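Participant: Provide a 3D model corresponding to the input given below.
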Amino acid sequence: MTMRRGPLNYPASTPRAPHLRSPAPNPPCTAPSEVPWRTTPTHAITTCASRVVRSFLFTNSYPSPLPLTFPQSRRLTHNLEFAAVYGARMKKSAGPLTGYSMPNGRGHYRLGLAVRKHSTAVERSRVKRMVREAFRLSQGALPMAAGGGGSGSGGYDLIIAAREHEPLALTEYQRLFQDVAGQLHQAWEKRQRRGRPEDGSAGP
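Facilitator: Numbering: from 1, shown residues only. Alright, predicted model coming up:
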């Protein structure tokens, strides 16, 4: 009798255990109605269902939504950038949020935060996180600046300050954020129509 080489010498005619046998190939399927649900192994049903879902997603086109991201290019990070926005002397408030802005000619907004000390560090961090998220979700609804001197349209450098307040829902932060941005945009349009170098309140 021929013996197999290896750590365990089983006769060549010894059948393999069921759990060591190669799995049966997945049955072809093109629609859920063709899946043999009662006779097909579970892994094959799952694979077949995944094929159907992928086929549906790739054959049906949907409009691509505006990417709602918050990369480094959308943030104010340097003291000189903050000083320039405060120096523009444009300030508006809505609820606990106060905004300062300046046209940047970049085609998008940049956000800076100046959240004052709250009762606890946890509350301060939460407010900053909620304001960032409100900005991220509101990018498609924010008004754009009309550039002067042939610079074309663009966004604003925007600083949001938040005084201590009771926690709000994200939707309420979005509403307040868009309210502040809208007020600042209208104020800048008014300033450009009048041609005055300064209009509004000074920075902190």
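
Participant: CA atoms for contacts and neighbours, from now on please.
Facilitator: OK.

Participant: I'd like the distance between the residue lying closest to Arg163 once chain neighbours are set aside and Val85.
Facilitator: Excluding its sequence neighbours, the residue lying closest to Arg163 (CA to CA, 6 or more residues apart in numbering) is Pro96, at 5.6 Å. Remark: distance between Pro96 and Val85 (CA to CA, to the nearest Å) = 20 Å.

Participant: neighbour count winner among those two?
Facilitator: Val85 (23 against 13; other CA atoms under 10 Å).

Participant: if I look at Asp99, how far off is Leu111?
Facilitator: No Asp there; residue 99 is Gly. Note on Gly99: its distance to Leu111, by CA to CA, is 10 Å.

Participant: ignore what I typed, I meant Tyr173.
Facilitator: Counting by CA to CA, the gap from Tyr173 to Leu111 is 15 Å.

Participant: Thr69 now?
Facilitator: Counting by CA to CA, the gap from Thr69 to Leu111 is 12 Å.

Participant: check Phe177 too.
Facilitator: 11 Å.

Participant: spit out the residues that contact those two alike.
Facilitator: Jointly contacting Phe177 and Leu111 under the rule CA atoms under 8 Å, 6 or more residues apart in numbering are Phe135.

Participant: so what's the residue nearest to Arg163 up against?
Facilitator: Going by CA under 8 Å, 6+ apart, Pro96 touches 162-165.

Participant: so how far is Met130 from it?
Facilitator: Distance, Pro96 to Met130, by CA to CA: 13 Å.

Participant: torsion angles phi and psi at Leu142?
Facilitator: Leu142 adopts backbone torsions of phi -90, psi 140, taken as degrees, to the nearest 10.
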